[in-house]
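Novice: quick one, fold the following:
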Amino acid sequence: MDTSPALLLLLALGFCCPGIYGQSLEIKVGSPKDISQLQVGQRLELECRADRNSGAFWIHKDKKGTLHFIVFISSAAKTTFGNQRKATHFQASKHNTIYYLAVKSFTPQDEGNYFCVMNYNQMLYFSPGQPAFLP
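Specialist: Residues are numbered from 1 along each chain as shown. I've put the predicted structure just below:
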């Protein structure tokens, strides 16, 4: 039987601290309002619910499949937008572990899927996409 100190340390950590190995992050993206009948000019509100407070990125995947960085919201609620156009077109905030994104006036260019991405323990966690399309 191998009783090396390294093996004993790994076993001890596994028994004492079950959250250390295999940590995960649960992220859910949705809209507080029904967006099945989204219209041009309408405000689109999305929320990203997480079980940790680690900051969140909002990413838009357009109809062509191109990814666009929108904003990063820090755990202290500081926002960093990709550019000035996005800062005026989008609104972002957070409350506790819910990160909000709003498209102030929805256009056909805003159609696509919206993702919330979090960096936790040097791993990226992607939410399921929230589709937002005009009827």
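Novice: for Lys78, what are its contacts?
Specialist: Not one residue lies near Lys78 by C-beta atoms under 8 Å, 6 or more residues apart in numbering. Glycine gets a C-beta too; all of them are placed from N, C-alpha and C.
Novice: and for the one 4 residues further on?
Specialist: Gly82 makes contacts with His68, Phe69, Ile70, Val71, as judged by C-beta under 8 Å, 6+ apart.
Novice: report the central residue of this structure.
Specialist: Nearest to the geometric centre of the chain sits Cys116, at 1.9 Å (C-alpha atoms, centre = their mean).
Novice: buried stuff in the longest strand seen in the chain?
Specialist: The longest strand of the chain (DSSP state E) is strand 112-120. Using 16 or more other C-beta atoms under 10 Å as the test for burial, strand 112-120 gives Gly112, Asn113, Tyr114, Phe115, Cys116, Val117, Met118, Tyr120.
Novice: closest one to Ser31 out of these, please.
Specialist: Tyr114 (9.2 Å; C-beta to C-beta).
Novice: phi, psi of the closest residue to the closest one other than its chain neighbours?
Specialist: Excluding the flanking residues, the one nearest Tyr114 by C-beta to C-beta, 6 or more residues apart in numbering is Gln130, at 4.7 Å. Torsion angles at Gln130 (phi, psi; degrees, to the nearest 10) stand at phi -110, psi 110.
Novice: how about Asn83?
Specialist: phi -160, psi 180.
Novice: distance of it from His68?
Specialist: Distance of Asn83 to His68, given as C-beta to C-beta, to the nearest Å: 10 Å.
Novice: the two - which one has more neighbours?
Specialist: Legend: neighbour count by other C-beta atoms under 10 Å for Asn83 and His68, higher for His68 (13 against 10).
Novice: isn't Ile27 up against Glu47?
Specialist: No - using C-beta atoms under 8 Å, Ile27 makes no contact with Glu47, being 10.9 Å away.
Novice: I appreciate the help and will end here.
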